[in-house]
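> Provided below are the primary sequence and the corresponding predicted coordinates.
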Number of protein chains: 2
Amino acid sequence: MDVPFTIALDAMGSDLGPDEVVAGAAIALKKRLTPAGILLVGREDELQTALKKHKLQDHPRINTFHASEVIGMHEKPIQSLKKNKDASLVRAVELVKLGTCSAAVSCGNTGSLMACSTLRLRPLEGVHKPALATVWPSKDTHFVLLDAGANPQCKPEHLLQYAVLGDLYAKAALGLEKPRVGLLTIGTEEGKGNELTAQAHELLKSIDGELIHYAGLIEGFQLFDNVVDVVVTDGFTGNIVLKSCESLYKMLKGLIKEEVKRNPLRLFGAGCLAGAFKNTRKRLDPDLYGGAPMLGLGGMVIKAHGSSNRNAIANAVRIAGRIVESEHRQQATEAIQRANQLTRPSKKRSGEES
Amino acid sequence: MDVPFTIALDAMGSDLGPDEVVAGAAIALKKRLTPAGILLVGREDELQTALKKHKLQDHPRINTFHASEVIGMHEKPIQSLKKNKDASLVRAVELVKLGTCSAAVSCGNTGSLMACSTLRLRPLEGVHKPALATVWPSKDTHFVLLDAGANPQCKPEHLLQYAVLGDLYAKAALGLEKPRVGLLTIGTEEGKGNELTAQAHELLKSIDGELIHYAGLIEGFQLFDNVVDVVVTDGFTGNIVLKSCESLYKMLKGLIKEEVKRNPLRLFGAGCLAGAFKNTRKRLDPDLYGGAPMLGLGGMVIKAHGSSNRNAIANAVRIAGRIVESEHRQQATEAIQRANQLTRPSKKRSGEES
């Protein structure tokens, strides 16, 4: 059976084991979430066992690639890559580098995956630093936030590029035609924010209308208010906001659970509200966009959460397929070149003209 | 009646009007939240009306100071200060400057209040930049986070000073003997975080045990996990995390409310759970620490939320009293001097020795 392209799926990185990853692949195939073939990367014996269990051993769109090693969640990025040359996440990235696969999906060690992807795939021409793009739920829809932690020491021109890459990703992942792009800062009046956002704001204004629809500065209190579709921020702030919000959500769930358990009336009430709680969780479902792509690299790599269940993995595969189909790499190369042209310092430009 | 000290309370800055602020003063006096006298600052006629309504016109611990102007919530800081020299928030700060009052509390325009306080009261000797300190609820307790937005362009030595000031504030506001101080970053392994946190981390290690109990680096996902009592971060990150978490909380409340209203069974269930929801809200009560002090200035100013209700205002007055009683200013001056001594660059130190 011919497949338009193949996705390398690191089967070893999930906290829940290779069986859960294979189950995710099974869902992706069964629900036709992507037309792509899936190449499972990991220990052959474990993969075969899981494939048999999920009755996938003869599926025409699934295949395996043996990798004997696994990088643990707490290993240090660079050291782990030096030590484990046959690690599943390394092999998955290499398969993209070789052109065998069009994208790689891994739940493995974030630092190792980011380092391996950056080292092997290199940034796209003109891109300074790659960014991790995440999809967040807001009240009635979703938005993209980047960078979520790949680049903690951002310069204004990095944020410019993230706006361009985030715009393309929002089009592919959320199906938006003209995403509104905002820059996260602290107060939109004069003299607020910091040097980074002040300079990035000017750069973004200069590509507004041509490359992106720049909706301007937004503040933290607007994050979930659906005022923009793409939130641009540096990797330090982005990562802390992401993790803090997850932490708050966890605490709130815990508090309500604790209060509910205090007496039988409350437990009964919670029973009546089971549907409401379930729907709320569903509307916030993190599995729906179970993968965060590293944007701006010469090949597509999607980082899925270490604790991803089968649904999250199936959705990460779906997102990987969508990005490949959107021809992200080609589009990103062109858009980044154009952005760099538009914002080239005028000194240099006038120098060229003379 | 003799009062140990007096707090200037800007009566005009609340979104809910001067009556709500006076109601807050009434609660503070009635519940004996502070031994301080309260000097209400604002339009005399409005203050007298409110005082009569709350039967406070003859209270021995309350007095008024006429200020004819009010700075609006959306006015630009510096311009508003130039234009409104008789604004209530300006007068409240001036009363601290003059020594008439030991602290000022205002719900007014944050930017104007911060600018006015910094310009009139000046930083304490040795302090580089003041910080806004906020108290947050965590699962079973509270913690202090600073800076929440006063200084968006932090240097490592600023974060060092915020650790020292936050430590003193946590002792006064939360009643802790030995607060655990943490530095917010993105991953505690090597090569993570940014230059600012890497350098601040070294500075904080050098005062650990002597001036503060430094518990090390923490990540966003630990924010509500009660691993530290004081979270140190730059004003850019701190403000965005604060506002984003408020935004998430608001969205979650909205989602649950929406789901509950969908059918009568759910509404009935929510009735059974009224106590659980109420307790959860109470445990997260933002009014309990309704004020954020500007730390590191030559006088104490507390910023209360623009939408503060009477309970929040009463608690802001309580916190103001506690900080004054803790002799924060004297202690901060000494601690900052010591911190600066301990972390003075070794080049300069050896230069002095030679």
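Structure received. Numbers count the residues shown, from 1 in each chain, chains lettered A, B, ... in the order given.
> so residue A:231 makes contact with residue A:185?
No: at 10.6 Å, residue A:231 does not count as touching residue A:185 under the criterion of Cβ atoms under 8 Å. For every residue, glycine as well, the C-beta is placed using N, CA and C.
> so what's in contact with those two at the same time?
Common neighbours of residue A:231 and residue A:185 (criterion: Cβ atoms under 8 Å, 6 or more residues apart in numbering or on different chains): residue A:218.
> what ranges do the helices span in the stretch 251-354 of chain A?
Here the stretch 251-354 of chain A has its helices, by DSSP state H, counting those that start in this stretch, at A:264-272, A:274-283, A:310-325, A:328-342, A:346-353.
> what does the second one contact?
Under the criterion Cβ under 8 Å, 6+ apart, residues A:137, A:270, B:252, B:255-256, B:259-260, B:262, B:266, B:269-270 lie in contact with helix A:274-283.
> ok, of those, which come out buried?
Restricting those to buried positions leaves A:137, A:270, B:252, B:255-256, B:259-260, B:266, B:269-270, with burial counted as 16 or more other Cβ atoms under 10 Å in any protein chain shown.
> tell me which of these is nearest to residue A:327?
Residue A:327 lies nearest to residue A:137 out of the buried ones among the contacts of helix A:274-283, by Cβ to Cβ, at 27.0 Å.
> so how many other residues sit close to residue A:118?
For residue A:118, the count of nearby residues is 19 (other Cβ atoms under 10 Å in any protein chain shown).
> ok now do it, which residues does it touch?
For residue A:118, the contact set (Cβ under 8 Å, 6+ apart) comprises A:130, A:294, A:297.
> Recalculate using a threshold of 7 Å.
For residue A:118, the contact set (Cβ atoms under 7 Å, 6 or more residues apart in numbering or on different chains) comprises A:130, A:297.
> measure it to residue B:199 for me?
Separation of residue A:118 from residue B:199 (Cβ to Cβ, to the nearest Å): 24 Å.
> Ok, residue A:130 next?
25 Å.
> Residues of the stretch 51-200 of chain A that sit close to chain B?
A:76, A:111, A:138-139, A:149, A:152-153, A:184, A:186, A:189-190, A:192-195 (Cβ under 7 Å from any Cβ of the partner chain).
> PyMOL command for the buried members of these?
Selection of buried members from these for PyMOL, criterion 16+ other Cβ under 10 Å:
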select buried, chain A and resi 76+111+138+149+152+184+186+192+193+194
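> Each with direction, which strands does the regular element (helix or strand) spanning residue A:105 pair with?
Assigned by DSSP states H and E, residue A:105 belongs to strand A:103-106. Here strand A:103-106 is paired, per DSSP bridges, with strand A:6-10 (parallel), strand A:300-304 (parallel).
> can you give me the mean pLDDT across it?
Throughout strand A:103-106, pLDDT has a mean value of 97.
> swap in stretch A:14-31?
What stretch A:14-31 shows for mean pLDDT is 94.
> And the strands in the stretch 51-200 of chain A?
Under the criterion DSSP state E, counting those that start in this stretch, strands of the stretch 51-200 of chain A are mapped to A:62-66, A:103-106, A:131-137, A:142-146, A:180-185.
> so where's chain A uncertain?
In the predicted model of chain A, residues A:1, A:188-191, A:346-354 satisfy pLDDT under 70.
> got the contact list for the residue nearest to residue A:178 when sequence neighbours are not counted?
Setting aside the residues directly before and after it, residue A:178 is nearest to residue A:213 in space (Cβ to Cβ, 6 or more residues apart in numbering or on different chains), at 5.2 Å. Applying Cβ under 7 Å, 6+ apart to residue A:213 gives the contacts A:178-181.
> returning to what we had before: in JSON lines, list the helices of the stretch 251-354 of chain A along with distance to residue B:17.
As requested, the helices of the stretch 251-354 of chain A are arranged in JSON lines below (distance: least, Cβ to Cβ, whole Å):
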{"stretch": "helix A:264-272", "distance to residue B:17": "37"}
{"stretch": "helix A:274-283", "distance to residue B:17": "35"}
{"stretch": "helix A:310-325", "distance to residue B:17": "49"}
{"stretch": "helix A:328-342", "distance to residue B:17": "49"}
{"stretch": "helix A:346-353", "distance to residue B:17": "51"}
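> who in the stretch 201-350 of chain A is up against chain B?
Counting by Cβ under 7 Å from any Cβ, the stretch 201-350 of chain A comes close to chain B at A:219-225, A:236-237, A:239-249, A:251-252, A:254-256, A:259-260, A:265-266, A:268-270, A:272-273, A:275-276, A:279-280, A:283.
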